[in-house]
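Asker: Here you go, sequence then predicted model.
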Amino acid sequence: MLAALAYLQRPLLPCQERTMKTSSNPQRDTLSTKSMHKQSDDAVAWEIAPKLVDYEQAVARMEALAQGISNGSEQERAWLVEHPPLYTAGTSSSDEHLLNNTFPVFSTGRGGEHTYHGPGQRVCYVMLNLNNRVQDLRLYVAMLEQWIINTLDQFNIKGERREDRVGVWVKRPTLPALPDGTLREDKIAAIGIRVRRWVTFHGIAINVEPELSHYEGIIPCGVQGHGITSLVDLGLPVTMEDLDIALKQEFEKLFGKTQ
């Protein structure tokens, strides 16, 4: 989903933009040591969709939930889904990064460029009220990255962030280096968010066992040269259920309890 510098791509009213806070420290590794627990003991609803979810229906539900969280009628929520094969285009997307339209393409209000969603990829839509946490988008993105990194660590995968690209990457020393000699890195997880009145929606996507050839229809997140990988591609027979257990454990450490 998701993409480079997603935290800067927030469709907000002008009056809201003037009051936005971001951390003064540019290093997201440093930011990730902080906490985003909420000020109350209320739990975050943890929901796993039992079957593939239509993308437009997912966006409509997120919009409704975000509105409800904002006015206090809905509980904060982490909604875990899989989608049918599709591409999404974020607010920074470029037509030249869509190489073919093998799958449906949806314009979306999240930050970032083009990405792929499909079976075998866990998408986690995270709807939190930052009014009750910390009103800092850069910190929020850093915490999402740390959530992914900590989850991957449960499977002995070292995920890393890069200051010039949002998302989580793994080094691939056994694969051929890039033409300029740079060590190849593959993206295993992506991030793209939207924030309205300090309520977040959209979220993260982690590749468990998607069809990686489906990424060939786009330049994922506008990043050329480096590739895409998954847990299974890295040689780990991890199931979606295995990942969900780890995701929940690590989410609670960073964002608070779930139910």
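Answerer: Yep, it's here.

Asker: Buried residues, stretch 250-259. List them.
Answerer: For stretch 250-259, burial by neighbour count (16 or more other C-beta atoms under 10 Å) applies to E250, F251, L254, F255, G256, T258. The way it works is simple: take the backbone N, C-alpha and C, and place the C-beta from them, glycine included.

Asker: The fifth one is in contact with V44, isn't it?
Answerer: By that I understand G256. Yes: judged on C-beta atoms under 8 Å, G256 makes contact with V44 at a distance of 6.3 Å.

Asker: Reformat the buried residues of stretch 250-259 as TSV; add distance to E63 and pLDDT.
Answerer: As requested, these are exported to TSV (distance: C-beta to C-beta, whole Å; pLDDT from 0 to 100):
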residue	distance to E63	pLDDT
E250	27	97
F251	22	97
L254	25	95
F255	21	96
G256	24	95
T258	22	97
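
Asker: Let me know the closest of these to H83.
Answerer: F251 (20.3 Å; C-beta to C-beta).

Asker: Make sure I have this right: the closest one is in a strand.
Answerer: No: read with DSSP: H, G, I helix; E, B strand; the rest coil, F251 is helix and lies in no strand.

Asker: That one: what's it in contact with?
Answerer: Shown in contact with F251 (C-beta atoms under 8 Å, 6 or more residues apart in numbering): V44, W46, A78, W147, T258.

Asker: ok, now L247?
Answerer: By C-beta under 8 Å, 6+ apart, the contact set of L247 is L80, R122, C124, W147, T151, I206.

Asker: ok, L144 to M36 distance?
Answerer: 9 Å (C-beta to C-beta, to the nearest Å).

Asker: Pick out whichever of the two has more residues nearby.
Answerer: Per other C-beta atoms under 10 Å, whichever of L144 and M36 has more neighbours is L144, with 31 against 20.

Asker: tell me the contacts of the more buried one?
Answerer: V126, I191, I193, G203, I204.

Asker: Am I right that the first one is in a strand?
Answerer: Yes: residue assignment for V126, taken from three-state DSSP, places it within a strand.

Asker: For it, give the beta-bridge partners.
Answerer: Beta bridges link V126 to A78 when assigned by DSSP bridges.

Asker: And it, how close does it get to H202?
Answerer: Using C-beta to C-beta, V126 is found at 8 Å from H202.

Asker: okay, and the common contacts of those two?
Answerer: In contact with both V126 and H202: I193, using C-beta under 8 Å, 6+ apart.

Asker: The two: who's more crowded?
Answerer: H202 (29 against 24).

Asker: Surely the more buried one is in contact with T108?
Answerer: Yes: taking contacts as C-beta under 8 Å, H202 lies within contact range of T108: 7.5 Å.

Asker: Overlap of the contact sets of those two?
Answerer: G192.
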